[in-house]
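[1] sequence-free structure coming up:
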């Protein structure tokens, strides 16, 4: 009896989240953070005068978003999350549009402050980490 040898296929690259005209490709090195922010501004999705910040995702949010982080322009946590939901609408079931995060989510700003208030102001080069408290805290 003749059997065919097993072949191994290379794993395909995971597809990145796509919404509208923005491909969230900076996580694979296809676009720099500055290029991504400029594209968002050019499309009217970010305000050019808002601080340049990075929004990093963990846990199920990262898996569902298909990317680890987003370089954006946002003046508050609320603005950052609104943009995230605009770019990746599939996350809307997990994230609120009200005055505070759902109880089981947290935002860390620069690794120092944990906030739940969406109105918290952001500054240039802030690094936001959005995660489920059941994963990291």
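    Received, thanks. Note that the coordinates shown come from a computational prediction; the quantities given were computed from them, not determined experimentally. Residues are numbered from 1 along each chain as shown.

[2] Could I get the full set of strands for this protein?
    18-19, 22-23, 52-57, 69-73, 105-109, 113-115, 127-132 (DSSP state E).

[3] Counting neighbours, show which residues of stretch 72-89 come out buried.
    Within stretch 72-89, the residues scored as buried using 16 or more other C-beta atoms under 10 Å are 72-85, 87-88. C-betas here are computed from N, CA, C, even on glycine.

[4] circling back to that earlier point, could you dump the strands of the chain to CSV with mean pLDDT and distance to residue 40?
    Formatted as CSV, the strands of the chain follow (pLDDT from 0 to 100; distance: least, C-beta to C-beta, whole Å):
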stretch, mean pLDDT, distance to residue 40
strand 18-19, 41, 11
strand 22-23, 49, 6
strand 52-57, 96, 11
strand 69-73, 94, 6
strand 105-109, 89, 20
strand 113-115, 87, 23
strand 127-132, 92, 15
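
[5] For the chain, which segments are assigned as helices?
    In the chain, the helices defined using DSSP state H lie at 33-42, 59-65, 77-87, 133-136.

[6] And those helices: which comes nearest residue 52?
    helix 33-42 (5.9 Å; C-beta to C-beta).
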